[in-house]
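In: curious how this folds, go ahead:
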Amino acid sequence: MTRTPAPYASHPGDSRGRLYPEPETTTRGPRDAFQRDRDRIIHSISFRRLRHKTQVFLAPDGDHFRVRLTHSLEVAQIGRTVARTLGLNEDLTEALCLAHDIGHPPFGHAGEDALEAALDDRGGFDHNGNTLRTLTEIDSPYPRFPGLNLTWETLEGLAKHNGPIVEPQWALARADDQFPLDLASWPSLEAQVAAIADDIAYDNHDIDDGLRAGLLSLDQLLDLPMIALRWDECRARFSDVPEERLVGELIRGQIGGMVMDLIETSRAAIADARIKSADDARDAGRALVTFSERMRDDERDLKRFMYENLYHHPRQLAAAEAARHVVAGLFAAYHADPSLMPGDWAARLPADEPWLSRHIADFIAGMTDRYAIARYRDVVGPIDLPDAF
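Out: Model prediction:
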């Protein structure tokens, strides 16, 4: 069924274009600019690598744990549902959801911490800036331009989906210098949807993985009023079903409740702000895609619980420390002898700092968890990894 977009949706026909102009009418199918962006992301090497990058558990052996790829697909499902209901552009929303984690190095935030420390006096490392760097410079499958040559709207949404940026880190500043992204303003409503869909997905799916791994218990979770309410609803609806069969229903109920709250609150906020165009949303001075105050408080309590009980669990902290050791060791080895890098990366090594170190970080940031471990053993030496691996 064809849906008429809302006037405040991003329209591909009104796009600010691409850094390197391309004809949109080709023999490769009847797709608009945002559909092409989504498809370029899906077909990219950097997107495929997400299947072996950490979400919560480092280099997970369990087939049922989430990784960056499956997380990104789940974010996209939630994002499309919200965008469709609010009358926004689903293709742009999906592109942003699918690409938002492409800049993460191996081992998630532990790997990011190690690269940030390695580049401390060379501009640092930030996974969001690295997403832009990867998509505009590093992942270059096309013959006439670097990067994927995504539209301004997709790059803008990836740059500032969490809000305006006053002091961009060097990688993001470089992308902005090449193709100014109006970093000081709010992003499109589609980008705002992608950001909060990310929160909804990992808030709830990390619960599922934590329970599966035995690092969380249902009794712990029921101390949260938000969870207890959903659990009581599940038990009332399925009183004849064993409790262990209801965890999935609990997670689905959580996601559904958060999505419905988000849609209702956002629809009212957009109407109250009299938003009539995509640029009106950018100029609104605040986020318009948001939870109600009560849901924001509940979500904040849930995040606090997850940090205390899952992300900072002793097993997770031991794994994170080992991951930082792997990434730091790789950086030190390649910096001492860049010829240890594969031939194409070694051949393109800049002569001067800070670009020499940033080039090495580019190489490491693109690694999957298991590739980083294998390269560490090759160029540094044996390593004993904790059970969380």
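In: going by C-alpha atoms from here, please, whenever you check contacts or count neighbours.
Out: OK.
In: which residues in the stretch 251-389 of the chain form helices?
Out: Ranges of helices within the stretch 251-389 of the chain are 278-282, 293-306, 314-336, 343-347, 355-365, 369-379, based on DSSP state H, counting those that start in this stretch.
In: reformat those helices as TSV; add distance to Cys234 and mean pLDDT.
Out: Output for the helices of the stretch 251-389 of the chain, formatted as TSV (distance: least, C-alpha to C-alpha, whole Å; pLDDT from 0 to 100):
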stretch	distance to Cys234	mean pLDDT
helix 278-282	38	96
helix 293-306	19	97
helix 314-336	30	95
helix 343-347	53	94
helix 355-365	42	98
helix 369-379	37	95
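In: now for these, which one comes closest to Leu73?
Out: helix 369-379 (19.2 Å; C-alpha to C-alpha).
In: buried residues, that closest one. List them.
Out: Asp369, Arg370, Tyr371, Ala372, Ile373, Arg375, Tyr376 (16 or more other C-alpha atoms under 10 Å).
In: which strands or helices does that helix pack on?
Out: For helix 369-379, the elements it packs on are helix 314-336, judged by 3 or more C-alpha pairs under 8 Å, 6 or more residues apart in numbering; DSSP states H and E.
In: output the below-cut-off pLDDT ranges for the stretch 51-200 of the chain.
Out: The stretch 51-200 of the chain contains residues with pLDDT under 70 at 59-63.
In: hey, where'd the helices end up in it?
Out: Here the stretch 51-200 of the chain has its helices, by DSSP H, counting those that start in this stretch, at 68-86, 90-99, 108-118, 127-133, 152-160, 170-178, 189-213.
In: the ones you listed: which one's closest to Ile360?
Out: Among those, the nearest to Ile360 by C-alpha to C-alpha is helix 108-118 (9.9 Å).
In: next one: that closest one to chain centre, how far?
Out: 16 Å (C-alpha atoms, centre = their mean, to the nearest Å).
In: and for stretch 262-269?
Out: Taking C-alpha atoms, centre = their mean, the mean C-alpha location of stretch 262-269 is offset from the chain mean by 23 Å.
In: quick check: mean pLDDT of that stretch?
Out: The pLDDT scores in stretch 262-269 average 98.
In: buried residues in it?
Out: The neighbour-count check on stretch 262-269 (16+ other C-alpha under 10 Å) flags Leu262, Ile263, Glu264, Thr265, Ser266, Arg267, Ala269 as buried.
In: next, format those as CSV and append distance to Pro180.
Out: Output for the buried residues of stretch 262-269, formatted as CSV (distance: C-alpha to C-alpha, whole Å):
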residue, distance to Pro180
Leu262, 30
Ile263, 31
Glu264, 33
Thr265, 31
Ser266, 28
Arg267, 30
Ala269, 28
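In: what is the nearest of these to Gly381?
Out: Nearest to Gly381 among those: Leu262, at 49.4 Å, using C-alpha to C-alpha.
In: what about the closest one, distance to Ser292?
Out: Using C-alpha to C-alpha, to the nearest Å, we find Leu262 at a distance of 7 Å from Ser292.
In: rewinding a little: go through the buried residues of stretch 262-269 and name the one nearest Glu116.
Out: Leu262 (33.8 Å).
In: you'd agree Lys53 is up against Thr70?
Out: No - counting by C-alpha atoms under 8 Å, Lys53 stays clear of Thr70, with 10.1 Å between them.
In: neighbour count: those two, which is higher?
Out: Applying other C-alpha atoms under 10 Å to Lys53 and Thr70 shows that Lys53 carries more neighbours, namely 29 against 15.
In: now that one. Its backbone dihedrals?
Out: phi -120, psi 140 (degrees, to the nearest 10).
In: how far away is it from Ala333?
Out: According to C-alpha to C-alpha, Lys53 and Ala333 sit 22 Å apart.
In: cool, and Gly163?
Out: For Gly163, the distance to Ala333 - C-alpha to C-alpha - is 37 Å.
In: from Pro105, how far off is Pro30?
Out: Applying C-alpha to C-alpha, the value for Pro30 to Pro105 is 35 Å.
In: higher neighbour count, the two?
Out: Taking other C-alpha under 10 Å, Pro30 and Pro105 do not tie; Pro105 has more neighbours (33 against 10).
In: for Pro164, see how far away that one is.
Out: Counting by C-alpha to C-alpha - Pro105 and Pro164 are separated by 24 Å.
In: then Asn130?
Out: Taking C-alpha to C-alpha, one finds Asn130 at 17 Å from Pro164.
In: now do Val379
Out: Taking C-alpha to C-alpha, one finds Val379 at 41 Å from Pro164.
In: repeat that for Ala99.
Out: In terms of C-alpha to C-alpha, Ala99 sits 19 Å off from Pro164.
In: okay, those two: which has more neighbours?
Out: Ranked by neighbour count (other C-alpha under 10 Å), Ala99 and Pro164 place Ala99 first, with 27 against 19.
In: got the contact list for the more buried one?
Out: By C-alpha atoms under 8 Å, 6 or more residues apart in numbering, the residues touching Ala99 are Ile41, Phe47, Ser72, Thr131, Leu158.
In: most neighbours, which of these?
Out: Using other C-alpha under 10 Å as the neighbour criterion, Ser72 leads the contacts of Ala99 with 27 neighbours.
In: give the contact list for that one.
Out: So Ser72 contacts Cys97, Leu98, Ala99, His100, Asp101, Asp198 (C-alpha under 8 Å, 6+ apart).
In: and the closest residue to Arg49 other than its chain neighbours, what's its pLDDT?
Out: Nearest non-adjacent residue to Arg49, counting by C-alpha to C-alpha, 6 or more residues apart in numbering: Thr368, 6.3 Å away. On the pLDDT scale, Thr368 is placed at 95.
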